[in-house]
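Enquirer: no sequence for this one, just the structure:
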């Protein structure tokens, strides 16, 4: 055991990467006759690494574990496991494992299964690497690998429409990557720091450049997290990609974007522990401004996501818009954490908690949608109904997930949503009065979510069953296993919400710069089952039901947004259109004349010489 | 064992091979191959020895026949020229290895010996330029280089090639004359052709003849700019690179263009010295041209249909990066530029060679016809993908590191505008490289089912490609291997001013 611990302590990242590459090499070598072995090895690898990571918990609790790899990228990189990324790494392992169980039935094309698992493993290793990275360059390395390998997973089905949607994903990913890269370059050029460390002291002496850095980071990570106005890639690609990939992407990949925002907003722009207790408000000013913007960005994301989801009839697109909306909750929580600075522990823990909870129930919802789709070949939920008789198990887990996402007490969404709710109330109490409205919007959005899932569950599983589906005899044992695991997590966390909070999140919060007194007052031993929160949920459910009745009565859900409101039209289209048309015009109009015109040479020569002469004051 | 004559031996060996090839190559191609595969590694080994010696003991000056530098021919073998000659020989070794197989496909068998003679003279002149320390020899080597590169383009005996070669010849002659004019102007005021002597003189007389110097620099830089294909002067390059045989394109794009950049570096920082150059305002102008080139090269590349032409325009954009680093006129900028010289040579050679392999196998040059080619030629397309990702700036490949170094240099010089330009240019790179990768691996070909097959490219062509891709990746993860040497070489340029 001791030996094992030493190995883990010294070489964990190297082990993960090495075994990951090994696994990625093995997969193409295993022919189609060994499909069973291939799948087993994928699951085994993920299980193995997750267990390895979990074994470090006791050490991580005492102090973050740091692994250094000299000379890579010139300045050397290092990995750092602290409590924050420990939680997310274990969570990533669970989601990937469940998705891989689910994909056993989802990914059936024989010839491309190899490619799928190859990129599956690479995505997993890249996700773990991104979370584990201690410095920005290695973070960026794994982040880019993650973008590209997940692209390969997303376009698994090929075909023109899939590739077109894939283009949106990959070009947005590249734009995001370039934003992050420029943020990294600016940050390290102005502060000489490549790490995730507290830099508020340095920022306090800098000019507006710090906001540019923050904006670049938030844009880059926001694209990945599906923040409005960069959310449009999500419904577009989710519709075309395999279900298991949707589950992974919604479950963990977008969370990596949120994790990036969290690191930037609450660590880079935050004050170190040493200065926090002594210095005043001045150091927190930057963090406060960024938090203010982030809260409103999060609120806008929530509203836009839920509003678009209500108008959507396609199951996958609706769930995608809900992912956007739920990412809004997380971003809002991060915003509160940054805004309140030393007192922001509630927002911080709420956003981490919601990342995990959202991962569980959203992956589960996608999987339910997948089971329904695979058996009925129908994506439009208005054309379905009464399926609870045909597939009772799917109906039960769908109900669990829907209760989770809407925040029913006793299910996991309730825990994180009430923490986030406390956070926004604190933002109003200790900060700007305008957050009173934010709190109201928060409640309305929750009601919208309730309405939306009444719709989801009602239209698919309740009501009248169309004739053609009555005789379906669906068999989905492995998918059921995957969904069962996730549903168990949803219920378990829901029954004992304080366990996760007190074991993992509160120690994580305490290891960062937050007021311990504040944490022990507001978070430790937090009673989730108080009447105020539960009554709040009752109101929310009531409002949701009202919206639902109105919507059904006046056929509001079938309305479509006017085309000019589409964010894609404002952001993505102009850029790509310009990038396509401008070069073509240049080539058609100017290439030949330029090549044939020796005049260009003479003119340039003369310009240079004359320019130099003028410049020198001749 | 390791003596000071090695650089000269390298040159002589290359020249001697060039002379011997027509004699023995007429009869059998296999004997010619053996000869080349002996002499080229030998000269490579000699340059490695020189490189090691210089790195241990520092640079030295070599006077031919012990004539004094005022009348004799002088070589300077310092960290910079030793590194660059090693780099030239390494890249060309792999390209020539590749060409042994590919060339059968491109030109007539009776031209083989002629082609390789030209290649070896080309190598000879390139190594000569990097070593030579006086303007006149530089000019002579440059002329040899221009003529031989012109003839390795026109060797294909097609109308396109003749047109491209003619244009190349005309424009390069303009460039050469302009360089010559500049050199004459310099000689007029200094009375020296030796770089070291002239530099000493210039520092003294700078106040007396500023206009004269300015004109000289302007002519020389523009002339070199034509040969190095800086943006508005690049017009010979797309035709030449796309019509030439693949090994020639790889050599031209990978190293020949770079040699002119070395010469510009020498002229600006060795001959004139950083202070004078800065007060003349030359670097500033270079950065403007570089920035325009970085954007417009990519813009023109996006509009191309022919894949080789696209790569050629991409070279124009990448040369913009190098000139940007150069134009910052700081140690960091110059290091970034030199790093990118090497990085770009590796990536672009990999790209050209893999595209050459596609043309060799399928004869397809149009970008729209490449659907599903990744299944037909997985290794080739993997090499292409790695290099293309490097061009886009995906971390882990050397293009990313040169972008990082360049960005730091730009910020260090307090010109953040160029950071924006670097980013836009990276995005544009993605815009023309990614569709090819996507259509190669993800689109279905109508004629052929997408089943992964082992490709039937000769091993002699596969190995060089894979080596370039591997080198790019290694250099991407451990840039320090190259950067350490460059950081040693760069300060030699900045000592002169003081």
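Expert: Arrived safely, thanks for sending. Predicted, not measured: the structure shown is a model, and the values here were computed from it.
Enquirer: Now do the SS call for residue A:72.
Expert: coil (DSSP: H, G, I helix; E, B strand; the rest coil).
Enquirer: does it really touch residue B:476, like I thought?
Expert: No: Residue A:72 is not in contact with residue B:476 according to Cβ atoms under 8 Å; the separation is 9.7 Å. C-beta coordinates here come from the backbone N, C-alpha and C atoms, glycine included.
Enquirer: Which one's more surrounded, those two?
Expert: The neighbour comparison of residue A:72 against residue B:476 (other Cβ atoms under 10 Å in any protein chain shown) goes to residue B:476, with 26 against 19.
Enquirer: In contact with the more buried one, which residues?
Expert: Contacts for residue B:476 (Cβ atoms under 8 Å, 6 or more residues apart in numbering or on different chains) come out as B:390, B:395, B:396, B:397, B:398, B:399, B:400, B:401.
Enquirer: what's the answer for residue A:170, then?
Expert: So residue A:170 contacts A:147, A:148, A:151, B:434, B:438 (Cβ under 8 Å, 6+ apart).
Enquirer: Could you dump those into TSV with distance to residue A:497, secondary structure and neighbour count added?
Expert: Below are these laid out as TSV (distance: Cβ to Cβ, whole Å; DSSP: H, G, I helix; E, B strand; the rest coil; neighbours: other Cβ atoms under 10 Å in any protein chain shown):
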residue	distance to residue A:497	secondary structure	neighbour count
A:147	33	helix	24
A:148	37	helix	21
A:151	36	helix	22
B:434	44	helix	20
B:438	45	helix	18
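Enquirer: Tabulate those (a markdown table), appending pLDDT.
Expert: A markdown table is the format used below for the contacts of residue A:170 (pLDDT from 0 to 100):
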| residue | pLDDT |
| --- | --- |
| A:147 | 92 |
| A:148 | 91 |
| A:151 | 91 |
| B:434 | 90 |
| B:438 | 89 |
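Enquirer: With distance to residue A:226 as added columns, please give those in a markdown table.
Expert: Output for the contacts of residue A:170, formatted as a markdown table (distance: Cβ to Cβ, whole Å):
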| residue | distance to residue A:226 |
| --- | --- |
| A:147 | 14 |
| A:148 | 18 |
| A:151 | 15 |
| B:434 | 22 |
| B:438 | 22 |
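Enquirer: now whichever residue of the stretch 1-150 of chain B sits closest to chain A: how far from residue B:176?
Expert: Using Cβ to the nearest Cβ, residue B:146 is the residue of the stretch 1-150 of chain B that sits closest to chain A, at 14.9 Å. Computed as Cβ to Cβ, to the nearest Å, the residue B:146 to residue B:176 distance reads 6 Å.
Enquirer: shared neighbours of those two, anything?
Expert: Between them, residue B:146 and residue B:176 share the contacting residues residue B:227, judged by Cβ under 8 Å, 6+ apart.
Enquirer: quick one: contacts for residue B:385?
Expert: B:437, B:440, B:441.
Enquirer: Return the member of those residues nearest to chain A.
Expert: Nearest to chain A, judged by Cβ to the nearest Cβ, of these is residue B:441 at 8.3 Å.
Enquirer: hang on, the earlier thing: out of the contacts of residue B:476, which are close to chain A?
Expert: The residues of the contacts of residue B:476 that also fall near chain A, by Cβ under 8 Å from any Cβ of the partner chain, are B:395, B:396, B:401.
Enquirer: what about residue B:456, which SS state?
Expert: Going by three-state DSSP: residue B:456 is coil.
Enquirer: what about the closest residue to it other than its chain neighbours, distance to residue B:166?
Expert: Of all residues not flanking residue B:456 in the chain, residue B:361 sits nearest, at 7.2 Å (Cβ to Cβ, 6 or more residues apart in numbering or on different chains). Using Cβ to Cβ, one gets 31 Å for the distance from residue B:361 to residue B:166.
Enquirer: Show the pLDDT at the residue nearest the centre of chain A.
Expert: Most central in chain A under Cα atoms, centre = their mean is residue A:254, positioned 1.8 Å from the mean C-alpha point. With respect to pLDDT, residue A:254 scores 91.
Enquirer: Where does residue B:292 sit, in terms of helix or strand?
Expert: In this structure, residue B:292 is located in helix B:282-302 according to DSSP states H and E.
Enquirer: What residues of that helix count as buried?
Expert: Under the neighbour-count criterion of 16 or more other Cβ atoms under 10 Å in any protein chain shown, helix B:282-302 has B:282-287, B:289-291, B:293-302 buried.
Enquirer: got a list of what whichever residue of chain B sits closest to chain A touches?
Expert: Distance from chain A to each residue of chain B (Cβ to the nearest Cβ) is smallest for residue B:303, at 3.1 Å. Contacts for residue B:303 were tallied using Cβ under 8 Å, 6+ apart; they are A:583, A:584, A:586, A:587, A:588, A:591.
Enquirer: Going through these, which ones are buried?
Expert: Neighbour counting by 16+ other Cβ under 10 Å classes A:583, A:586, A:587, A:591 among those as buried.
Enquirer: and chain B, which of those contact it?
Expert: Okay, of these touching chain B (Cβ under 8 Å from any Cβ), that's A:583, A:586, A:587, A:591.
Enquirer: In three-state terms, label residue 97 for me.
Expert: Using chain A here. helix.
Enquirer: how close does it get to chain B?
Expert: Residue A:97 is 27 Å from chain B, where distance means Cβ to the nearest Cβ, to the nearest Å.
Enquirer: cool, and residue A:214?
Expert: Distance, residue A:214 to chain B, using Cβ to the nearest Cβ: 16 Å.
Enquirer: which is the next helix or strand following the one helix or strand that residue maps to?
Expert: Here residue A:214, judged by DSSP H and E, is contained in helix A:209-225. Downstream of helix A:209-225, the first helix or strand assigned by DSSP H and E is helix A:233-240.
Enquirer: Quote the end-to-end distance of stretch A:375-382.
Expert: Counting by Cα to Cα, to the nearest Å, you get 16 Å between the two ends of stretch A:375-382.
Enquirer: Quick one: distance of it to the chain centre.
Expert: In terms of Cα atoms, centre = their mean, to the nearest Å, the centre of stretch A:375-382 is set 26 Å apart from its chain centre.
Enquirer: pLDDT on stretch A:181-200, on average?
Expert: On average, stretch A:181-200 scores 83.
Enquirer: any bit of that stretch sitting next to chain B?
Expert: Yes: using Cβ under 8 Å from any Cβ, stretch A:181-200 reaches chain B at A:181, A:182, A:185, A:186, A:188, A:189, A:190.
Enquirer: Report the buried residues of that stretch.
Expert: Using 16+ other Cβ under 10 Å as the test for burial, stretch A:181-200 gives A:181-191, A:194-196, A:198-200.
Enquirer: ditto for stretch A:378-385
Expert: Residues of stretch A:378-385 classed as buried: A:378, A:379, A:381, A:384, A:385 (neighbour count, 16+ other Cβ under 10 Å).
Enquirer: Over to the first one. Which of the three states is it?
Expert: Using three-state DSSP, the secondary structure recorded for residue A:378 is coil.
Enquirer: Tell me which residues touch it, please.
Expert: Counted by Cβ under 8 Å, 6+ apart, residue A:378 has contacts A:372, A:384.
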